[in-house]
Structures are given as C-alpha cells and as structure tokens.
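> please find the sequence and the predicted model below.
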Amino acid sequence: MAADPAQTNDIKTTPLNAAHRALGAKMVPFAGYDMPVQYPLGVLGEHKWTRDSAGLFDVSHMGQAFITSTDGRHETVARALEALIPADIVGLKLGQQRYSQLLADDGGVLDDLMVTRSQASADDGSLMLVVNAGCKDADYAHLRARLPAGIALSVREDRALIALQGPLASAVIAGHVAGAERMAFMTAASDRFDGIDIHISRSGYTGEDGYEISMAADKAEAIWTALLADTRVKPIGLGARDSLRLEGGLCLYGHELDPTTSPIEAGLAWSIQKRRREEGGFPGAARIQRELRDGPSRRRVGILPEGRAPAREHTEIRARDGRVIGEVTSGGFGPTLNGPLAMGYVEAAFAAVGTELDLMVRGKALPAKVVALPFVPNRFFRAAKA
C-alpha cells in the first residue's frame, strides 16, 4: 500500500480521514491536519444543505482536554480557570457550557474556547475544554505553566469530535440519542449514541441549531456512518463551514481574534458575565474594564459591499474622504445572501450601522456600508421543550 501523502509530509490525520477519502472529499492541509475542504456536492451545495437540512462536520482536529483538581471540587477548578479567562466559571451549572477566551496579560486573545462543566461521572469538579486546532499546543503549554498546584490538565488525543448542524439536526439525533432533542442551547451531557458512550453538547459554529459529539476515536467512524445513513444528512467540508460561520457573524481565531485584539473590540462583551466585569481578576482586566466603561478605540463590524466583488482578508477599509480606518478580517461570498459580505475592524467612530465606507479591492474604491451582525439570523435552540 502506498504511503499516505498526508503522513509523509508530517501532517496529522483525524480518525475519519479514510472515510472522507472514500466519500470523494477534496483534502487540504489545515491547522496541521489533512482535512476535507469540500465533497462532490461542492461548497455552495454543502452550505445550502446545512441551512435547509443537516450537515455533518469532522472537527476532530480541535483540541479536547479536561481540567481536574485533587480535591474534586468544582469551585477549586473553576477559580483556577477564572484566573486565565474572563467568563464566570464558578457559576457554571452541571451540564452547562460557556464560550470564553484565553487571555494574554494585556487582555489580547490567545485563543477562544468552550468550557463545559462535565457530567462524565458523578460531579468530580472537572471542566472540559475545546480549543482551536491551530492554537492547542500553545494553549496547553500556557495552561500548564499557569494552573496552580493541585490542578491538572489532561489532553485527550484519544477522542474524536463531530458536529451535526442544521434545522433537521435535532430530528436526526433524536433517532440515536434519547432525549437529545430536548437539550437547550449551550448545555451538554454524557450519553449514549446507539449504545456508544459519547459526550454531547447543543452547540456549533454555523449559526444553525445543532450538536457537537465527542467520542472515543475508535468509535468515530461508526457514529459518522450511522448519521450519514440518514437521507437528511450530508458531509460538509471546511469551505462551507467558513461561509456558514461568516454569515453567522462568528469570530475565527487568526482573523477576527488574535493577541492584539481584546474581547470588547471583537464585540464579545456578552461573553463576560456581570460578576467578572465587576471583580476582574483575569489577565488584562484593567484594559477590558476600561474598554467596557469608555468604549474601545476600534470595533468589529459587519460590512456589505455593493455589487458582486468580494472583499477578502486584509482589504483596506477607508472613510469616504479616503482616510484608512481599518481592515477586513474575513470576507467572501454569502450563499444565503447571494452576494459578498465581510467582517473587519474600523475606528469606533465609523462602527455605527449604516455608516458608508469604501473597500479597496484591486486598487479601486468599492462602496460598502456597516450592517448589524449576524448577516443571517441564528437559529440556536434557546430553551428546552416542555
């Protein structure tokens, strides 16, 4: 058997690599992994399928880890993590999940992550983290260097992670995980998928309702295959994942978020709960509290260009008088909008919805305006059914 080129180039593979290739996926290097960018349906078709039905994503390249304490108490682990992120973790209930950011000492974002108060067993105080693939090694090193004695980080390279997203995701998953359709957005539970142990959360990265499912790596293909046997489900690659998150106005690390950007500039003040805003006690708290009080000097905005030409990352944003006021961080074509769209940072004075701007595309000033985010309203399942 010929060597897998992904392996000979020292690129990692997920447990579903062979399954992607069998489905005719176009594979590309991404964050150090050999990943499917699209399947034969194509990016446009995959995007629309997820909006209308249920799309299945391999996100096993993401980092999964647990934080535990020797005393087994939630508050011990939560306060250790709160020293590194601005979210309220002490107040996290069993089976609840929160979005937050790992912060540098000056309040810049080192990575964004999901934190879940685990139900892996009787309440053992553990917290589950899901971090970005391209940042995970640095994240783990940062956590290990700063977590206090008695707090341990356990990286789970033996786990896979898939996401089922779209308006029919709930109906599909209900056929495999009893009661999953009643889960509320940003809740999680340990459960069984057709008899296989899983950890499932009602969350995702598309703006659609959906689930993320973590399982032992050697069980991933069985779950993947079972979901694809449903005619409502199709596999979706990185291309559509990006266009969906862009229409959803969701930040992507390395684009909207980086070590120079604060959560407030990025429009993520909602992810910092009241107690943490008032008490601080996290890296960069002085900067973030100042920006909450006085406003940041720049803000992330949604931008709709006129015409059909897309404005890509690093496109210069100018005021109508020609002065440079910012830069596009993500841009492309929005299939649901049937036109171009972009996000970027502009000086705060130009961040109001309706502000007219120019985007410098191939040396020409293209008219655009600031619009409210998200571009496409999200359909997260906010409350459990009675």
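Arrived safely, thanks for sending.
> okay, now Gln230: neighbour count?
Actually, residue 230 is Asp. It isn't Gln. When neighbours are defined as other Cβ atoms under 10 Å, Asp230 has 18 of them. C-beta coordinates here come from the backbone N, C-alpha and C atoms, glycine included.
> so what's it up against?
Contacts for Asp230 (Cβ atoms under 8 Å, 6 or more residues apart in numbering) come out as 54, 172, 175.
> try 10 Å this time
By Cβ atoms under 10 Å, 6 or more residues apart in numbering, the contact list for Asp230 reads 53-54, 56, 164, 168, 171-173, 175-176.
> now do the SS call for Arg277.
For Arg277, the assignment made with DSSP: H, G, I helix; E, B strand; the rest coil gives helix.
> could you number the chain from 27 rather than 1 from now on?
Fine by me, first position is 27 from now on; the one you just mentioned is Arg303.
> OK, contacts around it?
Residues near Arg303 by Cβ under 10 Å, 6+ apart: 112, 114, 295, 311, 314-315, 318-319.
> pick out the most distant pair among those.
Across the contacts of Arg303, the longest distance by Cβ to Cβ is 19.1 Å; it joins Asp114 and Arg319.
> have a look at the two and say which one is more surrounded.
Taking other Cβ under 10 Å, Asp114 and Arg319 do not tie; Asp114 has more neighbours (19 against 9).
> just give the closest residue to the more buried one, not the sequence neighbours.
Take Asp114 and drop its neighbours on the chain: the residue closest to it by Cβ to Cβ, 6 or more residues apart in numbering is Gln299, 3.8 Å away.
> what sits against the one you found?
With Cβ under 10 Å, 6+ apart, Gln299 has these contacts: 112-118, 124, 126.
> swap in Ala248?
Residues in contact with Ala248 (Cβ under 10 Å, 6+ apart) are 219-222, 241.
> now, the residues you listed that are in strands?
Secondary structure assignment by DSSP state E places 219, 222, 241 of these in strands.
> from start to finish, how long is stretch 327-346 in a straight line?
End-to-end distance for stretch 327-346, by Cα to Cα, to the nearest Å: 17 Å.
> can you check stretch 269-283 too?
Stretch 269-283 end-to-end distance (Cα to Cα) = 17 Å.
> go through that stretch and flag the buried ones.
With burial defined by 16 or more other Cβ atoms under 10 Å, the residues of stretch 269-283 counted as buried are 269-279, 281-283.
> now it: mean pLDDT?
Summarised as a single mean, pLDDT over stretch 269-283 is 98.
> quick one: distance of it to the chain centre.
Taking Cα atoms, centre = their mean, to the nearest Å, one finds stretch 269-283 lying 8 Å from the centre of the chain it belongs to.
> and the residue sitting nearest the centre point of the chain, what does it touch?
Centroid-nearest residue in the chain: Tyr231, 4.9 Å away (criterion: Cα atoms, centre = their mean). By Cβ under 10 Å, 6+ apart, the contact set of Tyr231 is 83, 85, 88, 140, 189, 191, 238, 267-268, 270-271, 274, 276, 278.
> retrieve the pLDDT associated with Ser144.
Confidence score, pLDDT, at Ser144: 75.
> that one contacts Ala104, doesn't it?
No - contact criterion Cβ atoms under 10 Å: Ser144 and Ala104 do not qualify, at 11.9 Å.
> spit out the residues that contact the two alike.
By the contact definition Cβ under 10 Å, 6+ apart, Ser144 and Ala104 are jointly contacted by 93, 151, 153.
> can you tell me the closest non-neighbouring residue to the last one?
In space, Leu153 comes closest to Ile93 once its chain neighbours are excluded; the distance is 4.7 Å by Cβ to Cβ, 6+ apart.
> of the contacts of Ala248, closest to Cys161?
Distances from Cys161 to the contacts of Ala248, taken by Cβ to Cβ, are shortest for Met241, at 22.7 Å.
> that closest one pairs with what?
Ala186, Ile224 (DSSP bridges).
> repeat for Tyr59
Going by DSSP bridges, Tyr59 forms beta bridges with Lys38, Phe56.
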